[in-house]
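A.B. asks: Fold the following and give me the result.
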Amino acid sequence: MADRNSPIGVFDSGVGGLTVAREIMRQIPDERIIYFGDTARLPYGTKSSDTILRYTRQNIRFLMAQDVKAIVIACNTATAFALETVEKELDIPVIGVIHAGAKTAIDSTRNGKIGIIGTEGTIRSGVYTRVMKAMKEDIEVIGKACPLLVPLVEEGLLHDSVTDEIASRYLSELKGKFIDTLVLGCTHYPLLRSTVGRLMGPEVNLVNPAYETALELKQILGDNQLLCEIKDPSQEKYSFYVSDLAEKFTNFAASILPGQVKETKQINIEQF
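C.D. replies: Residues are numbered from 1 along each chain as shown. Next comes the predicted model:
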């Protein structure tokens, strides 16, 4: 039985999952978080499903060694290829970032045309289409892989002419499909929200699955009597780990979570 005062484990391929961690901090501020960014092996979106599952299991084993009470897979690619398998292997709650975002998109669309932007892996998996069609059969889902956006975000090029040009090329295809809702189907993409919003125009509603995932996590913790009860000021509230480039991660993370990332520790994830 998990201890309700243990931390929540969150992992992603890099900095993108910090958008999910940020929403968890806002929605359930009493909770402790242990975050792992697999910076040595990103991007995940270009890898095979077998590789993604292996990475996911290693990441989970690392977080389990930190005594976490629940795990959030803050990566759409890992959610698409590994969630269904690993949730059967764990005795604590584990959630991904696809279901909550898909439901919000269904609730938001007016004309039944929903766009998804994501990594090659996420789009190739067809997971968003399957999940949404199960919720509402008569909607149209148009996916567009945007493989260069994750490396651009990881390089910190959030407001750069190169990023604008690449995003414009990707999104032009969706603009011709008359979608009214666009899911940011990679946790890196909310960091490009202003760029995507400007390129798509005000008539297209952007869905950020990070927010909905945090709300889903809060509900699950409550249902399982796992919401934190004891606040211990002697314990580090938020801890950050990466598999490579700790200093670079810390510098970038400080822009997403000001004042929260004091130190990032580097680990050898291949040991897990």
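
A.B. asks: From now on I want contacts and neighbour counts done on CA atoms only, so please keep to that.
C.D. replies: Fine.

A.B. asks: Let me know the secondary structure of residue 137.
C.D. replies: Under the three-state scheme (DSSP: H, G, I helix; E, B strand; the rest coil), residue 137 adopts coil.

A.B. asks: Pull the number of nearby residues for it.
C.D. replies: Using other Cα atoms under 10 Å, residue 137 is surrounded by 11 other residues.

A.B. asks: what does the one 5 residues further on give?
C.D. replies: Taking other Cα under 10 Å as the neighbour definition, residue 142 ends up with a count of 19.

A.B. asks: Show the pLDDT at the most centrally placed residue in the chain.
C.D. replies: Residue closest to the mean C-alpha point of the chain, counted by Cα atoms, centre = their mean, is residue 74 at 3.2 Å. The model reports residue 74 with a pLDDT of 97.

A.B. asks: Can you get me a residue count around residue 240?
C.D. replies: For residue 240, the tally of surrounding residues (other Cα under 10 Å) stands at 22.

A.B. asks: ok, back up a step: residues contacting the residue nearest to the centre of the chain?
C.D. replies: Taking Cα atoms under 8 Å, 6 or more residues apart in numbering as the criterion, residue 74 is in contact with 10, 11, 12, 16, 17, 20, 96, 97, 187, 210.

A.B. asks: now, the most widely separated pair of the residues you listed?
C.D. replies: The distance between the two most remote of these (Cα to Cα) is 13.7 Å, for 16 and 96.

A.B. asks: Specify the local secondary structure of the residue located most distally from the centre of the chain.
C.D. replies: Largest separation from the mean C-alpha position in the chain: residue 234, at 29.0 Å (Cα atoms, centre = their mean). The three-state label given to residue 234 by three-state DSSP is coil.

A.B. asks: same thing with the one 5 residues further on?
C.D. replies: Three-state assignment for residue 239 (three-state DSSP): strand.

A.B. asks: how much space between it and residue 99?
C.D. replies: Relative to residue 99, residue 239 is positioned 26 Å away (Cα to Cα, to the nearest Å).

A.B. asks: Nearest to residue 159, out of the contacts of residue 74: which one, please.
C.D. replies: Taking Cα to Cα as the measure, residue 159 sits nearest to residue 16 out of the contacts of residue 74, at 15.8 Å.

A.B. asks: quick one, what contacts that closest one?
C.D. replies: Going by Cα under 8 Å, 6+ apart, residue 16 touches 74, 75, 186, 187, 188, 189, 191.

A.B. asks: tell me the phi and psi of it?
C.D. replies: The phi and psi values for residue 16, taken as degrees, to the nearest 10, are phi -60, psi -40.

A.B. asks: confidence score at it?
C.D. replies: The model's pLDDT for residue 16 equals 91.

A.B. asks: Would you quantify the distance from it to residue 181?
C.D. replies: Residue 16 is 21 Å from residue 181, by Cα to Cα.
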